[in-house]
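Q: Any chance you can model this:
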Amino acid sequence: MKLIAIASALNARLENGSADIDITGVAGIEQAGPGQLTFVSNPKYAAAAKTTKASAVIVAEDFPAIAGAMLRSKNPYLAWAKALELFYQPLQYAVGVHPTAIVHASAKIGKNAHIGPYVVVDEGAEIGDNAVLLAHVVIYRSVKIGKNFFAHAHAVVREFCQLGDNVLLQNGAVIGCDGFGFAKDDSGHWHKIVQSGTAVLENNVEVQANSCIDRASIGETRIARGAKLDNMVHVGHSCTVGTDTLLCAQVGLAGTTDVGKNVVLAGQVGVAGHCKIGDGVIAIAQSGIPHDVPAGKMISGAPAIDFKLWLKCSAAYGRLPEIAKAVRKISDRE
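A: As a prediction, this is how the structure comes out:
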């Protein structure tokens, strides 16, 4: 593919290179060779851009000039994502139902579906057009799913759950499992609270490997449009997760947590139950959030505090022995 054609497809501006350069693939900045396209968005790799053997580099508008060809973009990371799509052809799955699949007679499946080996689609389930269900996917009773559903092997959608269009479930994702609800009886034993609610995933939601979204005890757990959940994320019963929010690896939301839109909870963030996280909040990895967080805040630590304050506290933490020694000397003088 000619470099000028790639520039046009990415809405990028070609600088310093021939429009007729042939690009045959993409690679990382340090691995790329002649005929390949690479990119830089992290400043830490700026030096590598000067020595890369790639034929062209996707860079930001303000990136310092290098000797080789550059595709300047307002959003180099997004341009790179689109460049990958130009060269990567995803697997295609033949339309049809595998002989080992079990599809209940009352289930409704739209046009152009691929139903793989040992898939189970239970009574009353409805799935829209262009669905791909790979091996061992299980769709429980009365589930409703929109168009372009893609479920990797061993994904499960439990009874009465509702999924919108373009939902992607990675391997082992479980939608609508029972919420963790128990009440202690007079003899001190735990009595299970019936989880009578459901889980709802709106359009363009992706749930990655081995993540669980619990159904509500009453009402619903809802994941809003465009939200993305990384591997091993747990969303407790009756939670809401807002539009275009990212929950990174091993995030845990206790029951009835309300997370706003465009929130980023980095790896291993934990949120206590009944908390409200405002729109645009960013929580640094391993933060513990026991309270409401106003919109637009960046927080860190456990318990989580303002990020700038946390930086000061972290700097002071390493000096605690020295500070304690100084305090003892003052105390001794008194």
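Q: alpha carbons only for contacts and neighbour counts from here, please
A: Will do.
Q: ends of stretch 52-72, how far apart?
A: Stretch 52-72 has an end-to-end distance of 16 Å (C-alpha to C-alpha, to the nearest Å).
Q: One more: stretch 85-105?
A: First-to-last distance for stretch 85-105 - C-alpha to C-alpha - comes to 38 Å.
Q: Can you pull out the residues in contact with it?
A: 24-26, 112-124, 132 (C-alpha atoms under 8 Å, 6 or more residues apart in numbering).
Q: in that stretch, what counts as buried?
A: Within stretch 85-105, the residues that count as buried by 16 or more other C-alpha atoms under 10 Å are V97, A101, I102, V103.
Q: Looking at strand pairing, list the partners for the third one.
A: So the one you mean is I102. V120 (DSSP bridges).
Q: quick one, helices of this protein?
A: 3-10, 46-51, 76-87, 307-317, 320-333 (DSSP state H).
Q: Could you give me the ChimeraX syntax to select whichever of the contacts of stretch 85-105 are buried?
A: Selection of buried members from these for ChimeraX, criterion 16+ other C-alpha under 10 Å:
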select :25,26,112,113,114,115,116,117,118,119,120,121,122,123,124,132
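Q: In strands only, show me the contacts of stretch 85-105.
A: Counting by DSSP state E, those place G25, V26, H114, I115, V120, V121, V132 in strands.
Q: Now do the same contact list for the first one.
A: Remark: with contacts taken as C-alpha under 8 Å, 6+ apart, G25 is in contact with G35, Q36, L37, F87.
Q: And the pLDDT for it?
A: pLDDT recorded at G25 is 95.
Q: before we move on, what about the third one?
A: At H114, the pLDDT value in this model is 98.
Q: Would you confirm that it contacts D129?
A: No. With contacts counted by C-alpha atoms under 8 Å, H114 stays clear of D129, the gap being 10.0 Å.
Q: quick check: domain ranges of the chain?
A: 3-87, 155-309 (automatic domain parsing).
Q: any chance of those domains in JSON lines, plus distance to N148?
A: Listed next are the domains of the chain as JSON lines, based on distance: least, C-alpha to C-alpha, whole Å:
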{"stretch": "domain 3-87", "distance to N148": "18"}
{"stretch": "domain 155-309", "distance to N148": "5"}
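Q: Of all these, which one comes closest to A324?
A: domain 155-309 (20.5 Å; C-alpha to C-alpha).
Q: roughly how far is the closest one from the heart of the chain?
A: Counting by C-alpha atoms, centre = their mean, to the nearest Å, domain 155-309 is centred 12 Å from the centre of its parent chain.
Q: Now the terminal residues of it, how far apart.
A: 42 Å.
Q: Then stretch 33-43?
A: Using C-alpha to C-alpha, the two ends of stretch 33-43 sit 21 Å apart.
Q: Flag every buried residue along it.
A: Buried-residue list, stretch 33-43, by 16+ other C-alpha under 10 Å: G33, G35, Q36, L37, T38, F39, V40, S41.
Q: Which members of those occur in strands, if any?
A: Among the buried residues of stretch 33-43, DSSP E puts Q36, L37, T38, F39 in strands.
Q: Make JSON lines out of the buried residues of stretch 33-43 and add pLDDT and distance to A295.
A: Supplementary listing: the buried residues of stretch 33-43 in JSON lines, determined by pLDDT from 0 to 100; distance: C-alpha to C-alpha, whole Å:
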{"residue": "G33", "pLDDT": "94", "distance to A295": "45"}
{"residue": "G35", "pLDDT": "94", "distance to A295": "46"}
{"residue": "Q36", "pLDDT": "95", "distance to A295": "42"}
{"residue": "L37", "pLDDT": "96", "distance to A295": "39"}
{"residue": "T38", "pLDDT": "95", "distance to A295": "36"}
{"residue": "F39", "pLDDT": "93", "distance to A295": "33"}
{"residue": "V40", "pLDDT": "90", "distance to A295": "31"}
{"residue": "S41", "pLDDT": "80", "distance to A295": "27"}
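Q: Need the max-distance pair from the residues you listed.
A: Greatest spatial distance among the buried residues of stretch 33-43 (C-alpha to C-alpha): G35 and S41, at 20.4 Å.
Q: Would you reformat the buried residues of stretch 33-43 as TSV and include distance to M232?
A: Compiled in TSV, these are given as follows (distance: C-alpha to C-alpha, whole Å):
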residue	distance to M232
G33	36
G35	38
Q36	34
L37	33
T38	30
F39	29
V40	29
S41	27
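Q: of those residues, closest to I277?
A: Nearest to I277 out of the buried residues of stretch 33-43 is S41 (C-alpha to C-alpha; 28.9 Å).
Q: That concludes my questions; thank you for your assistance.
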